[in-house]
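Novice: Sequence and predicted structure below; questions after.
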Amino acid sequence: MFARKNKPLIDDAHKALDYAVGLLSKREYTKRELFTRLCYRFTKECAVAAVKKCAEEKWQSDERYCQLAFEHYINQGYGPFKISFELKKRGISASLYEPLLDVQDFVEVALRYLMHKYDTTQQYDFAGKQKILSHLARRGFSNDTCVSALSKFLSDDLLVL
């Protein structure tokens, strides 16, 4: 990104807390994201104190962020591998998102995505089917899920979701 100019870091915990609350008023952040954003302007000690206070007051919640991000990725048509990768990258613990992954039917998610993306009336040859399967795999679905969703997508008794 951009190189930081040689500005001194601010050593005021109250200002760091105010800045953190301002960030959280715009959108949800994980603890890691919030800490990283605060460290651009404030000392490490101030950033830690601000994140801790935000978490204690329930202004910041990794559980809430995980739930919102999970719903977002499901609605965008992503699979479990992509979702877990994105949540790990943002500092969310696996214990928070694995229960959500276990109860979700990813064949239905993939099928809903295929119905949105591809024409249901078209006949697909072998190359077209391979293209669809690889597209689903890139979106984070397992091989079994991809094949199941594709077979449901190509079946004649497909019900509109």
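Specialist: The structure has been received and is ready for your questions.

Novice: ok, now which ones touch Leu154?
Specialist: Contacts of Leu154 were listed using Cβ atoms under 8 Å, 6 or more residues apart in numbering, and they are Tyr124, Lys129. Quick note: C-beta positions are derived from backbone N, CA and C, even for glycine.

Novice: Skipping adjacent residues, who's closest to the residue sitting nearest the centre point of the chain in space?
Specialist: Geometric centre of the chain, nearest residue: Ala69, 4.4 Å, by Cα atoms, centre = their mean. Spatial nearest neighbour of Ala69, chain neighbours left out: Leu87 (6.2 Å); criterion: Cβ to Cβ, 6 or more residues apart in numbering.

Novice: do Gln60 as well
Specialist: Of all residues not flanking Gln60 in the chain, Cys54 sits nearest, at 4.0 Å (Cβ to Cβ, 6+ apart).

Novice: ok, that neighbour - contacts?
Specialist: Cys54 neighbours (Cβ under 8 Å, 6+ apart): Leu17, Ala20, Val21, Leu24, Leu34, Gln60.

Novice: 7 Å instead, please
Specialist: Ala20, Leu24, Leu34, Gln60 (Cβ atoms under 7 Å, 6 or more residues apart in numbering).

Novice: Report the contact partners of the residue nearest to Ala69.
Specialist: For Leu87, the residues meeting the contact criterion (Cβ under 7 Å, 6+ apart) are Cys66, Ala69, Tyr97.
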